[in-house]
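Asker: sequence-free structure coming up:
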């Protein structure tokens, strides 16, 4: 056997095998590099594709903000887009003439673009409805009811919203947009509509206020008889809170079942007048300090009450809040409790004046955050001029045949949960409710202290009803 020849042949075979393996490995390496490069490229392409969509969607959000602030929702152009991070977008918004807008937003990132189209609708906030019932409790049986026949039929001049159903019967009439999350019977309107319920606690009224009424009483109250009715706790006429009397003895029966202190809007430093015509021509005036009145300037302030607020006096049909200085009468009453309204309420000063009344929930008191309407014994409530909001609900205070035959609200009635003012009597008669929406806060011509502006917050905004990607 030729050992030398055999060894050389084996060495050649090994070299050949190594060469083949090397070529294979080089090929596999090339393929792996190619695959890795392709995967990285595809991942980057996919990432850029997604970023373009996100930039386009951000354009829709910017358009909603612009619409809410009174703009037309059109932002930038193809030649001059609006920068957004490392990309840009431009938006074209079209008013459809039916309360909706079509928003077309194009997003650009790198060398590519994507586009989305959205249909958006204005959604009302706290000051956008004549009557608002948010149905925060999610009660599937709730109806926002309007009814009555002939001269007793309910009348609403302004928009109406219910977080469940709306029922309009008899000759009742709503002159405005009717919207509901659930069904609408007896009127034409939009169903399946959701609306954001104002977040009252987020306003922080317990610390963000001008006058803490409960605190002022705790610091300097005295017990005294007054022609306003009975003995009550009062404060000095030089303090802002002098426009209230706490727990008057002549109305103990009315408030004896409440859980907190009761503050009655009445001024022991003014003459009690009856206003026999019940039209505000001779009201019992409640005069703010400042202006020509002794005491600190107390107009344009938020009055916070840890307790209940009453508009109810047995010696008059009407009360009028008045500021003697310039610029109208403007205050906001916020109560951590309930609001009870039994007498007519007027505000001095015309178009420059306005009053908001807000009832907040108290977590420790189940019956709180409500607005109660009506004088069950004498039927003296006929007219209320204010912007009314209950974080919980509106209820009637036994409005029946012996109570108010008609109630006019000039302002608004807005509730986080229900508006349940049942006004049909057992004999078939109906207590007429008329709500005339006051648009001054909504359109920005009236600003009340402590309230958000019409462009945001409680003022409402726009919501996306539908959207889809469109070809670029």
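Answerer: Good, I have the coordinates. As the structure is a prediction and not an experimental result, all values here were calculated from the model.
Asker: Strands along the stretch 101-250 of the chain, start to end?
Answerer: 112-124, 131-133, 143-146, 155-157, 160-162, 165-168, 173-175, 178-180, 184-185, 190-191, 211-212, 222-225, 231-234, 244-246 (DSSP state E, counting those that start in this stretch).
Asker: mind checking which of these is nearest residue 416?
Answerer: Relative to residue 416, the nearest member of these by Cβ to Cβ is strand 131-133, separated by 8.6 Å. Glycine gets a C-beta too; all of them are placed from N, C-alpha and C.
Asker: buried set for the closest one?
Answerer: The neighbour-count criterion (16 or more other Cβ atoms under 10 Å) identifies 131-133 as the buried residues of strand 131-133.
Asker: now swap in stretch 215-227 and tell me
Answerer: By 16+ other Cβ under 10 Å, the buried positions in stretch 215-227 come out as 216-217, 221, 226.
Asker: what bridges to residue 180?
Answerer: residue 162, residue 191 (DSSP bridges).
Asker: Residue 165 is in contact with that one, correct?
Answerer: Yes: counting by Cβ atoms under 8 Å, residue 180 does reach residue 165; the two are 6.1 Å apart.
Asker: Of the two, which one has the most company?
Answerer: residue 180 (26 against 21; other Cβ atoms under 10 Å).
Asker: Just list the residues touching that one, thanks.
Answerer: By Cβ atoms under 8 Å, 6 or more residues apart in numbering, the contact set of residue 180 is 144, 161-166, 189-191, 193.
Asker: Residue 280: which of the strands of the stretch 101-250 of the chain is closest?
Answerer: strand 155-157 (19.8 Å).
Asker: Contacts made by the closest one with the rest, please.
Answerer: Taking Cβ under 8 Å, 6+ apart as the rule, strand 155-157 contacts 130-131, 146, 172-176, 432-437.
Asker: Now the common contact residues for residue 180 and residue 165.
Answerer: residue 144.
Asker: Need the buried ones from the contacts of strand 155-157 selected in PyMOL.
Answerer: Entered in PyMOL, the line below selects the buried ones among the contacts of strand 155-157, by 16+ other Cβ under 10 Å:
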select buried, resi 130+131+146+172+174+176+432+433+434+435+436+437
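Asker: Any chance of CSV for the contacts of strand 155-157, columns pLDDT and distance to residue 262?
Answerer: Output for the contacts of strand 155-157, formatted as CSV (pLDDT from 0 to 100; distance: Cβ to Cβ, whole Å):
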residue, pLDDT, distance to residue 262
130, 96, 29
131, 96, 27
146, 94, 31
172, 94, 34
173, 96, 37
174, 97, 35
175, 97, 37
176, 95, 35
432, 86, 29
433, 90, 25
434, 94, 28
435, 96, 27
436, 98, 29
437, 97, 30
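Asker: from the contacts of strand 155-157, which is closest to residue 250?
Answerer: The shortest approach to residue 250 among the contacts of strand 155-157 belongs to residue 433, at 29.1 Å (Cβ to Cβ).
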